[in-house]
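Q: got a predicted model here, sequence first, then my questions.
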Amino acid sequence: MRKDSTSTGDARGIGGLDEQAVVLSGVIEHVRYHRDDTGYTIARVRLLGEAGESVTVVAHMPAPREGDLYQFKGTWTDHPRYGPQFQASEFEARPPVTADGIRAYLASEIDEIGPELARRIVDAFGMDTFDVIDAEPHRLREVAGIGRKRADAILRAWADHLSRRDTFVFLYSQGITAGLAARVFKRYEAHTIDVVRTNPYRLAVDIPGVGFLTADRIAMKAGIAPDSPERIRAGILHLLERSSMQGHVYLPRSLLLEEAEKLLRTGAEAILAHLADLESENGVHVEKAADKNRPEDAVYHGALYEAERGAALSLAALVAAPKATVGLDARRAVAWMEDSLRIELSPRQKEAVECAAASTCMVLTGGPGTGKTSTIAAILHMFRQAEARILLCAPTGRAAKRMTEATGGEASTIHRLLEFNPRTGAFQRDGSDPLEADLIIVDEFSMVDIVLLHHLLGAVSPGTTLVCVGDADQLPSVGPGDCLKDIVTSGVLPVVRLDAIFRQGLASSIIVNSHRINRGLMPEVLPEGGDYRFIPEEDAEKVLDEVIRQVSVELPGEYGFDPVTDVQVLSPMHRGILGVENLNRRLQLALNPRGRPYRRGGTEFRVGDKVMQTRNNYELDVFNGDIGRLVDVNETDGSFQVVFDDRVVFYHAADAEDLVVAYATTIHKAQGSEYPAVVLPVHTQHYVMLARNLLYTAVTRGRDLVLTIGSARALRLGVENSRSRTRFTRFGRRLREACGR
């Protein structure tokens with residue numbers, strides 16, 4: 001077993017890995033891999049001591065150099081391909097201990113010193129080189145080629161280097177990990193120590209991935225008082241940000257105050273005082289209670305207040321503007337559609353086409369099988385006959401792709417339509433450079449949150465016809481707001497709800513049962529089978545086993561589904577026996593048992609896994625919810641190769657953080673998608689999440705088969721629970737006020 005001269009015991013335990021931290025000291029012999037942006041490093045290190053054993057160390061560290069001496073703190077791991085590796089969570093640089101190391105150090109760390117000058121300096125001063133530079137800098141001029149100006153430049157560069165090194169030592173002393181330290185230094189550079197000492201809560205605002213709790217831990221270690229103004233303000237903003245992640249646009253003041261007192265452990269008086277300060281600085285906006293319809297003050301994050309207010313004003317302006325497109329013939333479009341499909345459009349469908357001809361803004365809603373696609377086709381034909389400029393869009397890449405397939409027109413994501421710049425985080429299209437269109441159709445509108453709606457409406461010119469298409473009974477957006485519901489209930493825009501199921505829909509028990517669920521009725525299972533099936537089982541472990549068996553054996557054998565590409569397991573929750581995390585572990589073992597493993601954090605990926613993108617990445621052209629196949633992993637640098645629709649995408653390690661294993665996913669993540677087969681485990685363990693709109697959304701994701709496995713009691717609980725979680729939003733009210741209603 002391996003021992004380190006500074007450790008107190010064996011670095012590896014018997015029969016496995018010891019989770020206790022170990023300290024190693026050694027000289028870097030060879031840097032196998034290093035990334036400047038993340039600091040991710042793989043190096044071969046020769047340990048100090050008589051044996052002089054060489055080991056592999058993995059760490060996040062800035063500018064590692066061969067010949068440098070480091071002290072590392074971390075744990076041993078066994079890599080499945082490369083064997084034992086030391087995962088360093090902390091490290092401290094020490095001066096090089098050889099002449100060659102000193103030469104390499106000077107040449108690589110100090111810009112003013114190249115390899116030749118470094119050789120001359122070390123030849124002159126030997127192992128005393130660092131002492132000379134620190135204590136007797138005038139002696140540098142004894143070296144050939146170094147005059148006064150060059151000596152001064154070397155000393156300035158040396159001082160900068162020492163400052164940088166000291167900054168990292170300070171960050172580590174505050175409990176900041178190596179990877180996070182590199183990001184903090186990149187953001188603040190020479191001001192890093194001052195920022196962390198005086199207001200570490202800035203990190204939670206300025207650096208992605210640093211939350212309030214992390215900043216609070218750093219602040220406590222730095223000795224910042226629990227009742228400091230910086231802490232209380234950061235806590236208030238944290239609670240507002242957390243609430244937005246739960247779908248709320250604002251928080252009632254009493255609820256914010258209650259949560260802040262629990263989080264900050266301080267009195268209401270101090271919280272209210274700092275809330276007033278944040279309001280005066282426009283960090284938050286407090287909307288005062290005005291009448292019985294506004295019984296309490298509403299506290300907004302400043303950006304969300306502007307988004308809600310701006311969206312309401314923009315939509316009201318579009319509603320009031322005269323229609324730019326003329327010569328639209330709704331009757332001709334309906335006749336063309338009926339002749340093309342050899343069907344008769346329903347009265348509601350005809351009403352929708354006429355509404356699009358007469359109105360500048362409208363909502364088209366309805367469940368599956370009610371004819372939304374054919375209605376959109378008729379509207380498109382009508383505007384094309386008038387030679388109108390048409391734009392089609394949807395909130396996500398997969399929804400835009402489905403829209404393209406359904407309409408035959410080219411659809412894009414809303415972000416791409418507005419020319420989002422990922423580097424600046426800004427949209428290029430806005431009121432000063434609006435979209436050039438006579439008709440804009442937005443599909444899957446229930447997925448649009450208030451921030452995205454604000455930017456979209458701000459880029460639409462008055463007179464443009466805006467058609468918002470979506471299912472108002474599905475789950476609301478993941479982001480803040482409930483925009484489709486607010487618009488529908490406001491009464492400001494004409495709303496056409498398609499409610500008749502067409503004959504082809506009646507043949508589908510998926511469509512019939514989705515409408516039954518939406519009406520609060522239990523789904524029915526046809527005795528002769530059909531495309532909706534239910535397997536009853538009350539025991540959660542047995543439900544899990546049946547899900548695995550159906551996905552891996554029964555559905556491929558009976559229906560010919562590919563268990564990876566055709567079948568999607570949907571669950572209401574992340575945790576628990578039937579949560580997404582456990583389902584993915586079990587499905588991975590069943591469907592990809594021999595895939596080459598790669599562990600990142602607490603997740604094990606395997607080559608061949610089904611994976612999902614969890615964030616829009618415009619540089620890679622992949623979007624939140626896109627599903628692909630992991631085809632290769634580079635264990636050296638943590639980069640991935642993933643195939644999306646026959647297109648190979650190369651992920652650097654930092655980008656790969658946005659990928660998750662996706663044999664199973666949440667119902668929320670499945671919004672806007674359609675799968676050949678959906679498997680839905682339902683159990684009373686999901687009680688806290690079971691709701692009618694959740695089950696309705698899940699069932700409507702299946703195209704050819706929906707298989708529900710689990711408790712009939714849990715299914716009934718969900719069907720009968722029509723009380724979706726209330727979101728704090730005033731968009732509908734603002735819209736009515738902006739329109740003078």
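A: Happy to help now that I have it.
Q: pull the distance from the helix or strand hosting K186 to the chain's centre.
A: Using DSSP states H and E, K186 maps to helix 178-188. Its chain's C-alpha centre and that of helix 178-188 lie 21 Å apart, by C-alpha atoms, centre = their mean, to the nearest Å.
Q: tell me the mean pLDDT over that helix?
A: Helix 178-188 carries an average pLDDT of 75.
Q: contacting residues around it?
A: For helix 178-188, the surrounding residues in contact (C-beta atoms under 8 Å, 6 or more residues apart in numbering) are 38-40, 59-62, 88-91, 164, 167-168, 171-172, 176, 192, 195-196, 203, 206-207, 209-210, 214. For glycine as for every other residue, the C-beta is placed from the backbone atoms N, C-alpha and C.
Q: after it, which helix or strand is next?
A: Next along the chain after helix 178-188, taking DSSP H and E as the criterion, comes helix 192-198.
Q: buried ones in that next one?
A: Within helix 192-198, the residues scored as buried using 16 or more other C-beta atoms under 10 Å are 192-193, 195-196.
Q: likewise stretch 240-250?
A: For stretch 240-250, the neighbour count (16+ other C-beta under 10 Å) marks 240-241, 243-244, 247-250 as buried.
Q: can you pull out the helices in the stretch 251-400 of the chain?
A: For the stretch 251-400 of the chain, applying DSSP state H, counting those that start in this stretch gives helices covering 253-264, 268-280, 302-320, 330-341, 347-358, 372-385, 397-407.
Q: where among those helices is the average confidence lowest?
A: Among the helices of the stretch 251-400 of the chain, helix 330-341 carries the lowest mean pLDDT (a mean of 85).
Q: quick check: buried residues in it?
A: 330, 333-334, 336-338.
Q: residue at max distance from the center of this protein?
A: In the chain, E142 marks the outermost C-alpha relative to the chain mean, sitting 57.7 Å out by C-alpha atoms, centre = their mean.
Q: correct me if wrong: it contacts R120.
A: No. In this structure, E142 is not within contact of R120 by C-beta atoms under 8 Å, at 10.1 Å.
Q: pull out the buried residues from the contacts of helix 178-188.
A: Counted by 16+ other C-beta under 10 Å, those give 38-40, 59-62, 88, 90-91, 164, 167-168, 171-172, 176, 192, 195-196, 203, 207, 210, 214 as buried.
Q: inside strands: which ones of these?
A: Among the buried ones among the contacts of helix 178-188, the ones falling in strands (DSSP state E) are 40, 59-60, 88, 90-91.
Q: among the residues you listed, which pair sits farthest apart?
A: Farthest pair in those (C-beta to C-beta) is Y40 and E90. Separation: 15.4 Å.
Q: got a list of what the nearest residue to R384 once chain neighbours are set aside touches?
A: Using C-beta to C-beta, 6 or more residues apart in numbering and skipping residues adjacent in sequence, the residue nearest R384 is I390, 7.0 Å away. Residues in contact with I390 (C-beta under 8 Å, 6+ apart) are 380, 383-384, 409, 437-441.
Q: from V649, how far out is I390?
A: Taking C-beta to C-beta, to the nearest Å as the measure, I390 falls 30 Å from V649.
Q: okay, now V648: neighbour count?
A: By other C-beta atoms under 10 Å, 12 other residues sit near V648.
Q: check the buried residues of helix 192-198 and tell me the two furthest apart.
A: So, the buried residues of helix 192-198 by C-beta to C-beta: farthest apart are I193 and V195, at 7.4 Å.
Q: all the strands of the stretch 451-600 of the chain, residue numbers only.
A: 465-470, 495-498, 532-536, 567-571, 597-600 (DSSP state E, counting those that start in this stretch).
Q: and the end-to-end length of stretch 466-479?
A: Stretch 466-479 has an end-to-end distance of 22 Å (C-alpha to C-alpha, to the nearest Å).
Q: list the buried ones in stretch 153-163?
A: For stretch 153-163, by 16+ other C-beta under 10 Å, it's 154-155, 157-158, 161.
Q: circling back: per-residue pLDDT, the residue nearest to R384?
A: With respect to pLDDT, I390 scores 96.
Q: and E546, by the same measure?
A: At E546, pLDDT is 96.
Q: count of neighbours near it?
A: Neighbourhood size, E546 [other C-beta under 10 Å]: 19.
Q: G114 reaches L106, doesn't it?
A: No. Counting by C-beta under 8 Å, G114 does not reach L106; the two are 9.1 Å apart.
Q: so for the two, which sits in the more crowded spot?
A: L106 (27 against 12).
Q: now the helix or strand encompassing that one, how far from the centre of its chain.
A: L106 belongs to helix 99-109 when assigned by DSSP H and E. In terms of C-alpha atoms, centre = their mean, the centre of helix 99-109 is found 42 Å from the chain centre.
Q: mind exporting the C-alpha coordinates of the helix or strand following that helix to PDB?
A: Remark: after helix 99-109, the chain's next helix or strand is helix 115-125, criterion DSSP H and E. What follows is helix 115-125, C-alpha atoms only, in PDB (Å, rounded to 0.1, in the frame of the first residue of the first chain):
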ATOM      1  CA  PRO A 115      14.400  30.000 -21.300                       C
ATOM      2  CA  GLU A 116      17.900  31.500 -22.100                       C
ATOM      3  CA  LEU A 117      17.700  34.300 -19.500                       C
ATOM      4  CA  ALA A 118      16.400  31.800 -16.900                       C
ATOM      5  CA  ARG A 119      19.400  29.600 -17.600                       C
ATOM      6  CA  ARG A 120      21.800  32.600 -17.000                       C
ATOM      7  CA  ILE A 121      20.000  33.600 -13.800                       C
ATOM      8  CA  VAL A 122      20.200  30.100 -12.300                       C
ATOM      9  CA  ASP A 123      23.800  29.700 -13.400                       C
ATOM     10  CA  ALA A 124      24.600  32.900 -11.500                       C
ATOM     11  CA  PHE A 125      22.700  32.200  -8.300                       C
END
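Q: got the angle for helix 115-125 vs helix 99-109?
A: In terms of direction (axes from the mean of the first three to the mean of the last three C-alpha atoms, to 10 degrees), helix 115-125 departs from helix 99-109 by 140 degrees.
Q: buried residues of helix 115-125, list them for me.
A: In terms of neighbour count (16+ other C-beta under 10 Å), helix 115-125 has its buried residues at 117-118, 121-122, 124-125.
Q: got those as a markdown table, with pLDDT columns?
A: Converted to a markdown table, those look like this (pLDDT from 0 to 100):
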| residue | pLDDT |
| --- | --- |
| L117 | 86 |
| A118 | 84 |
| I121 | 89 |
| V122 | 88 |
| A124 | 89 |
| F125 | 89 |
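Q: tell me the one of those nearest L578?
A: A118 (62.1 Å).
Q: next up, the contacts around the closest one.
A: A118 neighbours (C-beta under 8 Å, 6+ apart): 102-104, 106-107.
Q: swap the cut-off to 10 Å and go again
A: With contact taken as C-beta atoms under 10 Å, 6 or more residues apart in numbering, A118 is in contact with 102-110, 129.
Q: what's the answer for L439, then?
A: Taking C-beta under 10 Å, 6+ apart as the test, what L439 contacts is 324-325, 328, 356, 379-380, 382-384, 386, 388-392, 464-467.
Q: with L106 instead?
A: 65, 96, 112-115, 117-119, 121-122, 129-130, 133, 154, 157-158, 161.
Q: do that again at 7 Å, thanks
A: 113, 118, 121 (C-beta atoms under 7 Å, 6 or more residues apart in numbering).
Q: and for L578?
A: 540, 543-544, 571, 681, 683, 685.
Q: identify the residue nearest it in space, chain neighbours excluded?
A: P681 (4.7 Å).
Q: does that neighbour touch L707 like I think?
A: No. Contact criterion C-beta atoms under 7 Å: P681 and L707 do not qualify, at 9.6 Å.
Q: who's more crowded, these two?
A: P681 (28 against 24).
Q: would you double-check that that one falls in a strand?
A: Yes. Looking at P681 with DSSP: H, G, I helix; E, B strand; the rest coil, it is inside a strand.
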